[in-house]
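Trainee: Sequence first, predicted model second:
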Amino acid sequence: MYNVDATFAPIPPPQDITAINHIIVLLQENRSFDHYFGQLANYWQVSGYPQATNGTTFDGEPTNALNLDPNGDPVSPFNLQTGCTENPSPSWNESHGDRNQFDPADSTTAPMDGFVHTAAKDAAGFNLYDVLGHRAMGYFDGSQLNYYYFMASNFATSDRWFAPVMTRTQPNRMYLYGATSQGHVNALSTTNSPPLTAQTIFQLMQNNGVSWRLYVHPDSSGCTTASCLYSHSYLSQFTYGKYVLNNLPNQLAPISQLLNDMQNGTLPQVSFIEPAGYVGLDEHSPTVDSTGAGTIQAGAAYVQSLIDTLMSSPSWKDSVLIFSYDEPGGFYDHVPPQPAIAPDSIQYPTDILSTDICANNTSPVCGFFVTGFRVPLIIVSPFTKPNYVSHTVMDYTAILKFIETRFSLPSLTARDAAQPDMAEFFDFMNVPWATPPNPPQQVKSLPCIMEALNSITVSPNPAPAGGQATVSLSLSKNAIQNVTVALSSDQPNVVPPSTQIANGTSSTTLNISVPSGITSLTITGSIAGISASTTVPVQ
């Protein structure tokens, strides 16, 4: 009788896309690439990242970018000092005007010159403060979005990642779930339209045995029933949403279950996370002026709580989390939308008015042949290439292509079929982030300041050389808090470093001594980084 001892080597893990067993998708709200990530190259330089010296190219925000405001004054990019910015509209008409202010239906020319004009018009129409529209050119940097900058720099991002369509949230999120908006460029509620009949990625996965779940943050009531969660889900834009609610209610789960699933190793193969704007955590710009609005840093801290939980969990080893934004929210970006494939036979909008931009116009930019604007992207996974920047043009229906590729599913439409499969972001051979990095805690230091100056005037005008003058600083309506206005002049010692506009008032004045020997005087006032200036002759 013989005893045979056999030793078998463990089966090595896959070294291709099948190494990924869990895909998690989260899109926050309404931030453009330049607005959020345009300063990444500066961050690399200051922080000593290899991208700063290894030849990595990056199409960040140009220092010479500008738009003109309603007064004809140039507005260059500037660093916002508030975590709350009044909402500029990203809707169909406004987005086309952002791309080309004076000829929005022109498909050949995209000067990207209308963002400030649009933001100004929105502010005037909705009784907001920033009637000059300067907020559209504001940006945040790595000291303010320290978590995102760390993650985008260590993991992977792209400077050619676009929203699918040049309009507002709802149609873009239709593309996220269905790779089409079936002709819509407005919210269904705007035109009283029925839900879309298009197949969604959820239906495709359900029919092909791919496990999935839609995670939703409860509202302030704390209700976690399927019905409550469904009321905050963009799946309700599709007829399949009601089917899920009525027949598959367990596919809707609260965000607490996502954290438990990460920690317990019970994630489904694909997870989508809905934005939580109704509790101030989606980073969306406020649509009304309020001192209690959710800040971008509160939203970023919420995102960190999700990603950090994943990185510290047993689910990390075979997961990828794709983090982005649904559309740019009306904030400036210098890169024009790119040519795209129409998803289906509905090639032009079916829900615009005869007075809307592109009505009865077959220019490609008037149809679904063009992407939306660039939005930020971070690919978080143990398989992500470190310090990587993609320059491949894709819109975020590439997320659907990635899911379809991983689980051998057919495409939903011609749009997702045309996307790259996102393989370039990964290194399955070396698993660069098997041990994840240790990110900083997201800072929460930015105040919520909604006010912006409407005008600065100097009286008398012309100002008397060697004499006295009065400077008036005005808001378009009463302040909702005490507001500090930083002051400067092109001449030394003319204005104090700052002054204040009191809560409940709309202006303040200060007396100045006008220098002799000059022919003009410029006074600049700034609230939370948003500036206004005036130049008067001196006689």
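Mentor: Happy to help now that I have it. Numbers count the residues shown, from 1 in each chain.

Trainee: Can you list the residue ranges for strands in the stretch 1-150 of the chain?
Mentor: Taking DSSP state E, counting those that start in this stretch, the strands of the stretch 1-150 of the chain run over residues 22-28, 67-68, 74-75, 78-79, 138-139.

Trainee: quick one: average confidence on the second one?
Mentor: So the one you mean is strand 67-68. Across strand 67-68, pLDDT averages out at 98.

Trainee: Point out the other elements, helices or strands, that that strand touches.
Mentor: Packed against strand 67-68 by the contact rule (3 or more CB pairs under 8 Å, 6 or more residues apart in numbering; DSSP states H and E) you find strand 74-75, helix 115-125. Every residue, glycine included, has its C-beta placed from N, CA and C.

Trainee: Point out the most buried one among the ones you listed.
Mentor: Most buried of those by mean neighbour count (mean count of other CB atoms under 10 Å) is helix 115-125; its value is a mean of 23.

Trainee: got the contact list for that one?
Mentor: Under the criterion CB atoms under 8 Å, 6 or more residues apart in numbering, residues 67-70, 75, 86-89, 94, 97-98, 101, 128-137, 330-332, 476 lie in contact with helix 115-125.

Trainee: in a helix, that's where K401 is, yeah?
Mentor: Yes. Under DSSP: H, G, I helix; E, B strand; the rest coil, K401 sits within a helix.

Trainee: Let me know how buried it is, in neighbour terms.
Mentor: Neighbour count of K401, defined by other CB atoms under 10 Å: 23.

Trainee: which residues touch the closest residue to P286 other than its chain neighbours?
Mentor: Excluding the flanking residues, the one nearest P286 by CB to CB, 6 or more residues apart in numbering is A293, at 4.0 Å. Shown in contact with A293 (CB under 8 Å, 6+ apart): 84, 280, 286, 448, 450.

Trainee: Could you pick out which of the contacts of helix 115-125 are located in helices?
Mentor: Cross-referencing the contacts of helix 115-125 against helices under DSSP state H gives 94, 97-98.

Trainee: Of those residues, which is the most crowded?
Mentor: Compared across the ones in helices among the contacts of helix 115-125, D98 has the highest neighbour count, 32 neighbours, by other CB under 10 Å.

Trainee: before we move on, the earlier item: could I have the buried ones of the contacts of helix 115-125 as PyMOL selection syntax?
Mentor: Buried subset of these, written as a PyMOL selection, criterion 16 or more other CB atoms under 10 Å:
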select buried, resi 67+69+75+86+87+88+89+94+97+98+101+128+129+130+131+132+133+134+135+136+137+330+331+332+476
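
Trainee: Spit out the contact partners of S236.
Mentor: 195, 230, 242.

Trainee: TSV for those, including neighbour count, pLDDT and secondary structure?
Mentor: Listed next are the contacts of S236 as TSV, based on neighbours: other CB atoms under 10 Å; pLDDT from 0 to 100; DSSP: H, G, I helix; E, B strand; the rest coil:
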residue	neighbour count	pLDDT	secondary structure
P195	16	98	coil
Y230	21	98	helix
K242	13	98	helix
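
Trainee: one step back: hmm, which two among the contacts of A293 are most spread apart?
Mentor: G280 and M450 (14.3 Å; CB to CB).

Trainee: Which SSE is immediately downstream of the longest helix belonging to the chain?
Mentor: Counting by DSSP H, the longest helix found in the chain is helix 296-311. As assigned by DSSP states H and E, the chain's next helix or strand after helix 296-311 is strand 319-325.

Trainee: right, and the helix or strand after that next one?
Mentor: Once strand 319-325 ends, the next helix or strand along the chain (criterion: DSSP H and E) is strand 377-380.

Trainee: could you point out which element follows the helix or strand N511 falls within?
Mentor: Per DSSP H and E: N511 is located in strand 507-513. The helix or strand immediately downstream of strand 507-513 is strand 520-527, counting by DSSP H and E.

Trainee: what's the spacing between that following strand and its chain's center?
Mentor: Put simply, strand 520-527 sits 31 Å off its chain's centre (CA atoms, centre = their mean, to the nearest Å).

Trainee: now the angle from the following helix or strand past it to strand 520-527?
Mentor: Per DSSP H and E, the first helix or strand lying C-terminal to strand 520-527 is strand 530-537. Strand 530-537 runs at 160 degrees relative to strand 520-527, counting by axes from the mean of the first three to the mean of the last three CA atoms, to 10 degrees.

Trainee: Buried ones in the longest helix of the chain, by neighbour count?
Mentor: Using 16+ other CB under 10 Å as the test for burial, helix 296-311 gives 296-304, 306-311.

Trainee: wait, which of these is closest to D318?
Mentor: Taking CB to CB as the measure, D318 lies nearest L310 of the buried residues of helix 296-311, at 11.2 Å.

Trainee: nearest spatial neighbour of the closest one, skipping sequence neighbours?
Mentor: Leaving out its chain neighbours, the residue that sits closest to L310 by CB to CB, 6+ apart is M262, at 5.2 Å.

Trainee: can you check L245 too?
Mentor: Spatial nearest neighbour of L245, excluding adjacent residues (CB to CB, 6+ apart): Y230 at 4.8 Å.

Trainee: which residues sit in contact with the closest residue in space to S381 that isn't next to it in sequence?
Mentor: Leaving aside its sequence neighbours, S381 sits nearest to V320 (CB to CB, 6+ apart; 3.7 Å). Contact analysis of V320 by CB under 8 Å, 6+ apart lists 20, 22-24, 379-381, 383-384, 426.

Trainee: among the residues you listed, which two are most distant?
Mentor: I24 and F426 (14.9 Å).

Trainee: related to what we said a few turns ago, make a markdown table out of the contacts of S236 and add distance to P12.
Mentor: Below are those laid out as a markdown table (distance: CB to CB, whole Å):
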| residue | distance to P12 |
| --- | --- |
| P195 | 46 |
| Y230 | 42 |
| K242 | 45 |
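
Trainee: Okay, now the unreliable bits of the protein?
Mentor: For the chain, applying pLDDT under 70 flags the ranges 1-9.

Trainee: Now do the domain split for it, please.
Mentor: Following automatic domain parsing, the chain resolves into domains at 20-33+142-425, 455-537.

Trainee: want to try JSON lines for the strands of the stretch 1-150 of the chain, with distance to A532 as columns?
Mentor: Compiled in JSON lines, the strands of the stretch 1-150 of the chain are given as follows (distance: least, CB to CB, whole Å):
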{"stretch": "strand 22-28", "distance to A532": "30"}
{"stretch": "strand 67-68", "distance to A532": "14"}
{"stretch": "strand 74-75", "distance to A532": "10"}
{"stretch": "strand 78-79", "distance to A532": "12"}
{"stretch": "strand 138-139", "distance to A532": "13"}
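
Trainee: which stretch among those strands comes nearest F407?
Mentor: Distance to F407, taken as CB to CB, is lowest for strand 22-28 among the strands of the stretch 1-150 of the chain, at 8.8 Å.

Trainee: ok, back up a step: just the C-alpha atoms of the longest helix of the chain, please, in CSV.
Mentor: The C-alpha coordinates for helix 296-311 follow below in CSV (Å, rounded to 0.1, in the frame of the first residue of the first chain):
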residue,chain,number,x,y,z
ILE,A,296,-19.0,71.1,-1.7
GLN,A,297,-16.8,70.1,1.2
ALA,A,298,-19.6,68.4,3.0
GLY,A,299,-20.4,66.5,-0.2
ALA,A,300,-16.7,65.5,-0.6
ALA,A,301,-16.5,64.3,3.0
TYR,A,302,-19.6,62.1,2.3
VAL,A,303,-17.9,60.6,-0.8
GLN,A,304,-14.8,60.0,1.3
SER,A,305,-16.8,58.1,3.9
LEU,A,306,-17.9,55.7,1.1
ILE,A,307,-14.6,55.3,-0.7
ASP,A,308,-12.6,54.9,2.5
THR,A,309,-14.9,52.3,3.7
LEU,A,310,-14.4,50.4,0.5
MET,A,311,-10.6,50.7,0.7
